[in-house]
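In: one predicted model, sequence on top.
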Amino acid sequence: MLRRTGVWELWGVRGVRKFGRTEVIDNTLNPDFVRKYILDYFFEEKQNLRFDLYDVDSKSPDLSKHDFLGQMFCTLGEIVGSPASRLDKPLG
């Protein structure tokens, strides 16, 4: 049972740089995250991204204390090229 759902972490794979975390959404299997991130998009450059998803069960910011649910890899170009700039992919 998911008590607190959330925390997508967004990482830029080139030089592995963490961009941030979403807010935690309580008690849902289908969270609708509000926080948005603005990234510079360079058409001629492949910009790899990694999203990590955790089931958060406490207020601890330490992700090792939460359940890792999976991750998704894509490029910023895939997101920009998707309808309404919204990309759906399964977790790996």
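Out: Cool, the structure landed. Residues are numbered from 1 along each chain as shown.

In: C-alpha only now, for contacts and for neighbours.
Out: Will do.

In: let me see the ranges of the strands in the protein.
Out: Taking DSSP state E, the strands of the chain run over residues 4-12, 17-21, 24-26, 48-56, 67-75.

In: and of the ones you listed, who's closest to Asp32?
Out: Across those, the minimum distance to Asp32, taken as CA to CA, is reached by strand 24-26, at 7.7 Å.

In: give the rounded mean pLDDT of that closest one.
Out: Mean pLDDT, computed over strand 24-26, is 85.

In: pull out the buried positions in it.
Out: For strand 24-26, a neighbour-count test (16 or more other CA atoms under 10 Å) marks 24-25 as buried.

In: pull up the pairing partners for it, direction included.
Out: Neighbouring strands of strand 24-26 in its sheet, by DSSP bridges, are strand 4-12 (antiparallel).

In: could I get the strands of the chain as CSV with distance to Tyr41?
Out: As requested, the strands of the chain are exported to CSV (distance: least, CA to CA, whole Å):
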stretch, distance to Tyr41
strand 4-12, 12
strand 17-21, 14
strand 24-26, 27
strand 48-56, 11
strand 67-75, 10
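
In: quick one: closest of those to Asp88.
Out: Between those, strand 67-75 lies closest to Asp88; by CA to CA that is 9.7 Å.

In: report the distance from that closest one to the chain centre.
Out: Taking the mean of its C-alpha atoms, strand 67-75 sits 7 Å from the chain's own mean (CA atoms, centre = their mean, to the nearest Å).

In: neighbours around Val56, how many?
Out: When neighbours are defined as other CA atoms under 10 Å, Val56 has 23 of them.
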